[in-house]
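**Q** Pasting the sequence and the predicted coordinates here, then a few questions.
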Amino acid sequence: MQFIVSDLDGTLLDADSRVAPETHAVLRQVVARGIPLAIATGRHALQVQRLWPQDLPAVPVISANGARIHLADGSLLFQANLSQALLGRLLQPALVREAELGVYRDDCIMAYHSRREYSHYTGQVGEIADLASFAADDVSKVIYCGAPELLAEIEADIARELGDAVSMTYSQVCYLEVMAPGVHKGSALARLLAHLGVDAAGCAAFGDNLNDAEMLQLAGLPHVMANAHPELKRRLPDVPVIGHHAEGGVARRLESMLLQGA
């Protein structure tokens, strides 16, 4: 095991969206062994800063499902923005319907129909009053929040209208996420590993949802959580399933790998 990369929600974090003491202790062992690690999440990079334990060294962060890669020192390795032309089509009221909306910008998250969870970790959230007039050149992703049936309709409309002009995935059944074409955790991880000079064959990866699929396919040592989306397990039938995120599944697996010298 030469490198570790993990998703956050439903994977590394516990049921309260925190790094549990057991996980924290194992991460300290990883650091002590000198094994580099990274986070790959759909969250905003600012959210990761607040979630990551302050007494652990900073790590590279793949955020917004791969639309941003920050190195451990905070410098930006890669970014992919949604163009204004794409935004104009993704933010059409007729497409959004009654879904709640989050627009991820570099310094904040803009919300439409709701301000709910977006400010919990970024500390900053703005409200979009008029979708038709919204303009920005630093949007990493758009997230639609709603019932699965509603999101399926929105996904079908986007696929029909935009096709390969965007990249789409789900981070949870209630979150449909849209990024620039070719953006996903797998492409971002490949870019990060190449920059660091690490072979993907020695990379241990952990994930639980559909936005983790490409990352797990790339890594030589992939792991799927017990609580993972059934479709992820179906897509990756040969990937070992480990414990539940609420029971420290990643920590237990890493501890076992450290003991085995894997």
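**A** Arrived safely, thanks for sending. Numbering: from 1, shown residues only.

**Q** could I get the host helix or strand of Glu22 in CSV with only the CA atoms?
**A** Glu22 is located in helix 21-33, with elements delineated by DSSP states H and E. The C-alpha trace of helix 21-33 is given here as CSV (Å, rounded to 0.1, in the frame of the first residue of the first chain):
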residue,chain,number,x,y,z
PRO,A,21,-11.9,8.6,17.5
GLU,A,22,-11.2,5.1,16.1
THR,A,23,-10.7,6.5,12.6
HIS,A,24,-8.6,9.4,13.9
ALA,A,25,-6.3,7.0,15.8
VAL,A,26,-5.7,4.8,12.6
LEU,A,27,-5.0,7.9,10.5
ARG,A,28,-2.3,8.9,13.0
GLN,A,29,-0.8,5.4,12.5
VAL,A,30,-0.9,6.0,8.7
VAL,A,31,0.8,9.3,9.1
ALA,A,32,3.5,7.8,11.4
ARG,A,33,4.2,5.1,8.8
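
**Q** Which SSE is immediately downstream of it?
**A** strand 37-40.

**Q** what helices or strands is that next one leaning on?
**A** strand 3-6, strand 61-63, helix 185-196 (3 or more Cβ pairs under 8 Å, 6 or more residues apart in numbering; DSSP states H and E). C-beta: built from backbone N, CA, C; applies to glycine.

**Q** ranges for the strands of the stretch 51-200 of the chain?
**A** Secondary structure of the stretch 51-200 of the chain by DSSP state E, counting those that start in this stretch: the strands cover 61-63, 68-70, 76-79, 100-104, 109-112, 125-127, 141-145, 167-172, 175-179.

**Q** for those, which one ends up most surrounded?
**A** Most buried of those by mean neighbour count (mean count of other Cβ atoms under 10 Å) is strand 61-63; its value is a mean of 27.

**Q** Adjacent strands (with direction) for that one?
**A** Taking DSSP bridges as the criterion, strand 61-63 sits next to strand 37-40 (parallel), strand 68-70 (antiparallel) in its sheet.

**Q** Looking at that strand now, give me its mean pLDDT.
**A** When pLDDT is averaged over strand 61-63, the result is 98.
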